[in-house]
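>>> take this sequence and fold it.
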Amino acid sequence: MPAAPSNRAYAAAHFALELDGEDGIGLFRSIEGGSIRADVMTYQNGANYDRWRQLGKPKFEDMKLQVGMAMSGAFINWIRDFFLGNAVRKTGAIVAADFYYNERARRHFDGAMIKELTFPKLDGSDKNAAYMTVGISVEDMKFLPGTGKKLSPPEGFDSQKLWTACNFSFELKGLETACRRITKIDSFTIKQNVLEYHMGGARAPVKVPSQIDFPNLTFYVPEADAAPFQDHAEKRSVVKGQAPARLTGALHVHDNSGKELFAVTFAGADIIGVTPDKSESSSEEIKLVKVEIYTEKMAFVKYAGRDDSIQA
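Below you'll find the model as predicted:
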């Protein structure tokens, strides 16, 4: 039997996600947001100096989850559908547990959609764990007491928490050789605009998805490898106005053994700019060049170790 719920104060040490009645979706690092607010409406009657106030429509703040590689296939499918422009709505709960993994509180939500997804900065010299930040928009939320039962990590938890910021590779078709020594990639965010639709006597608005905004990507290469990027930029509209084929490529993320965890592919890309670092005679650092590209479309296409649970 699960442990009896306790009303003692506690330090929230672990967080879990439930989706569509399925627990064990995954443990994540942190949660931000997810509050309930309401506007205050003020009325004044004619020349009367008194004013009356009452609560307006409720507002449910977006949640931001910081997740690693310990999420199950159901969550990864949700991310994959987000990249495809399929706004899949989910019902679920955010569960807070104490140090001993006993559930102490939960936030139940309905009509949840992924609103944005931020990839962290990747750096070949950074050996710290890396986490994605997933923004979730909800239509309804309720704060409920915990059941007291113990949380259990999803299958493959130990094998999936191996993503560090230094384990990555980046490719551009036709420029593979020049991409071999990319040292770092700046953080980037994929966003989907969410519109609020107010109707009838409903107190809370219905949230509907709009277009997806795919970001520019910025990466850094040693100046010795920058010539192919500079040549492509000159041939394109930057200088000569020629029209070589636009670029496709992928960002691959690996674990410590070199096994691929997932890949983000992109298409319809081209180089916006090639910018050398500031030059200083006293500097002992390797001279880098910043390369920025735009993208038209991205896809979340691989998550190694979860192929049995990810839909084709």
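
>>> geometric centre of the protein: which residue is closest?
In the chain, the centroid-proximal residue (Cα atoms, centre = their mean) is L117; its distance is 2.4 Å.

>>> and the residue nearest to D140 when sequence neighbours are not counted, what pLDDT?
Residue nearest to D140 in three dimensions, not counting chain neighbours: D110, with 4.3 Å by Cβ to Cβ, 6 or more residues apart in numbering. C-beta: built from backbone N, CA, C; applies to glycine. As predicted, D110 sits at a pLDDT of 91.

>>> one more: L17?
As predicted, L17 sits at a pLDDT of 86.

>>> before we move on, the earlier item: please report how far the residue nearest to D140 lies from C166.
Separation of D110 from C166 (Cβ to Cβ, to the nearest Å) stands at 40 Å.

>>> for D62, same thing?
Distance from D62 to C166, by Cβ to Cβ: 31 Å.

>>> next one: E22
Per Cβ to Cβ, E22 is found 33 Å from C166.

>>> show me which of the two is the more surrounded one.
Each of E22 and C166 has its neighbours counted (other Cβ atoms under 10 Å); C166 has more, 16 against 12.

>>> what separates that one from E260, distance-wise?
As judged by Cβ to Cβ, C166 and E260 stand 15 Å apart.

>>> go on, M71?
Per Cβ to Cβ, M71 is found 16 Å from E260.

>>> the more surrounded of those two?
Taking other Cβ under 10 Å, M71 and E260 do not tie; M71 has more neighbours (25 against 15).

>>> the closest residue in space to that one that isn't next to it in sequence bridge partners, please.
Among residues not flanking M71 along the chain, G26 sits closest, at 3.6 Å (Cβ to Cβ, 6+ apart). For G26, the beta-bridge partners are L17 (DSSP bridges).

>>> pretty sure G26 sits against L19.
No: at 9.5 Å, G26 and L19 do not qualify as touching, with contact defined as Cβ atoms under 8 Å.

>>> report the buried residues of the strand or helix carrying F229.
Secondary structure from DSSP states H and E places F229 in helix 227-235. Neighbour counts using 16 or more other Cβ atoms under 10 Å place 228-230, 232-233 of helix 227-235 among the buried residues.

>>> cool, stretch 173-184 as well?
Residues 175, 178-179, 182-184 are the ones in stretch 173-184 that count as buried (16+ other Cβ under 10 Å).

>>> kindly report the same for stretch 190-206.
Neighbour counts over stretch 190-206 (16+ other Cβ under 10 Å) mark 190-192, 194, 204-205 as buried.

>>> narrow those to those in strands?
Mapping these onto strands (DSSP state E) picks out 190-192, 194.

>>> so among the residues you listed, where is pLDDT lowest?
The pLDDT minimum for these sits at V194, where the score is 89.

>>> quickly list what the residue lying closest to it once chain neighbours are set aside is bridged to.
Sequence neighbours aside, S137 is the residue nearest to V194 in space, at 4.8 Å (criterion: Cβ to Cβ, 6+ apart). Beta-bridge partners of S137, counted by DSSP bridges, are M113.

>>> S137 reaches D62, doesn't it?
Yes: with contact taken as Cβ under 8 Å, S137 and D62 are classed as touching, separated by 5.1 Å.

>>> who touches both of these two?
Residues within reach of S137 and of D62 at once, by Cβ atoms under 8 Å, 6 or more residues apart in numbering, are K115.

>>> returning to that earlier point: any chance of the buried residues of stretch 173-184 in TSV, plus pLDDT and distance to F75?
Output for those, formatted as TSV (pLDDT from 0 to 100; distance: Cβ to Cβ, whole Å):
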residue	pLDDT	distance to F75
L175	90	33
A178	89	35
C179	92	30
I182	93	28
T183	91	31
K184	93	27
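
>>> in strands only, show me those residues.
Secondary structure from DSSP E places K184 of the buried residues of stretch 173-184 in strands.

>>> with distance to D277 added, can I get the buried residues of stretch 173-184 in TSV?
TSV is the format used below for these (distance: Cβ to Cβ, whole Å):
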residue	distance to D277
L175	20
A178	17
C179	18
I182	14
T183	11
K184	12
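
>>> and the buried residues of stretch 173-184, which is closest to Y101?
K184 (35.9 Å; Cβ to Cβ).

>>> quick one: contacts for the residue nearest to the closest one when sequence neighbours are not counted?
Ranked by Cβ to Cβ, 6+ apart and with sequence neighbours excluded, the top spatial neighbour of K184 is D123, at 4.2 Å. Neighbouring residues of D123 by Cβ under 8 Å, 6+ apart: 165-166, 183-184.

>>> next: L19.
By Cβ under 8 Å, 6+ apart, the contact set of L19 is 25, 74-75, 78, 90-92.
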